[in-house]
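# I'll drop the sequence and a predicted model, then ask my questions.
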Amino acid sequence: RAGRHVPLARVVDWVGQRYYGRLLEVEFEDDDEDEPPTYEVEWLTPAGHVVEFEFDARDGSLLRSEGPA
């Protein structure tokens, strides 16, 4: 799989440059042949809110986010 996915650090850096807080959890999903592989990132804000991000693991593009920013 080398070279097929952007490094996880690139995705986490993207979130960290735009949101205060810290990383809670990351999941890599590559189970569905009809969907692209994704990184699912949970981020804890200083206010105690969890924001969830989903990135396309092939190119690092943000697919969706959920929660208070």
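The structure has been received and is ready for your questions.
# so what pLDDT did residue 69 get?
Here, the pLDDT recorded for residue 69 equals 67.
# show me what counts as buried in whatever helix or strand residue 16 lives in.
Here residue 16 sits within helix 8-18, counting by DSSP states H and E. Judged by neighbour count using 16 or more other C-beta atoms under 10 Å, the buried positions of helix 8-18 are 11, 12, 14, 15. (C-beta placed from N, C-alpha, C; glycine too.)
# what's next to that helix, contact-wise?
If you take C-beta atoms under 8 Å, 6 or more residues apart in numbering as the criterion, helix 8-18 is touched by 23, 26, 28, 39, 41, 43, 53, 55, 60, 62.
# want to try CSV for the buried residues of helix 8-18, with distance to residue 68 and pLDDT as columns?
Below are the buried residues of helix 8-18 laid out as CSV (distance: C-beta to C-beta, whole Å; pLDDT from 0 to 100):
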residue, distance to residue 68, pLDDT
11, 20, 97
12, 20, 96
14, 19, 96
15, 14, 96
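# closest to the centroid, which residue in the chain?
For the chain, the residue sitting closest to the mean C-alpha position, by C-alpha atoms, centre = their mean, is residue 41 at 3.6 Å.
# so that one lies in a strand, does it not?
Yes: according to DSSP: H, G, I helix; E, B strand; the rest coil, residue 41 belongs to a strand.
# from residue 33, how far out is it?
The gap separating residue 41 from residue 33 is 23 Å, by C-beta to C-beta, to the nearest Å.
# OK, contacts around residue 49?
Residue 49 neighbours (C-beta under 8 Å, 6+ apart): 67, 68.
# for the protein, which spans come out with low pLDDT?
In the predicted model, the chain carries pLDDT under 70 at residues 1-3, 69.
# just the strands from it, written as ranges.
Taking DSSP state E as the test, the strands found in the chain are 22-29, 38-44, 50-56, 62-66.
# JSON lines for those strands, including distance to residue 6?
Output for these, formatted as JSON lines (distance: least, C-beta to C-beta, whole Å):
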{"stretch": "strand 22-29", "distance to residue 6": "11"}
{"stretch": "strand 38-44", "distance to residue 6": "8"}
{"stretch": "strand 50-56", "distance to residue 6": "8"}
{"stretch": "strand 62-66", "distance to residue 6": "12"}
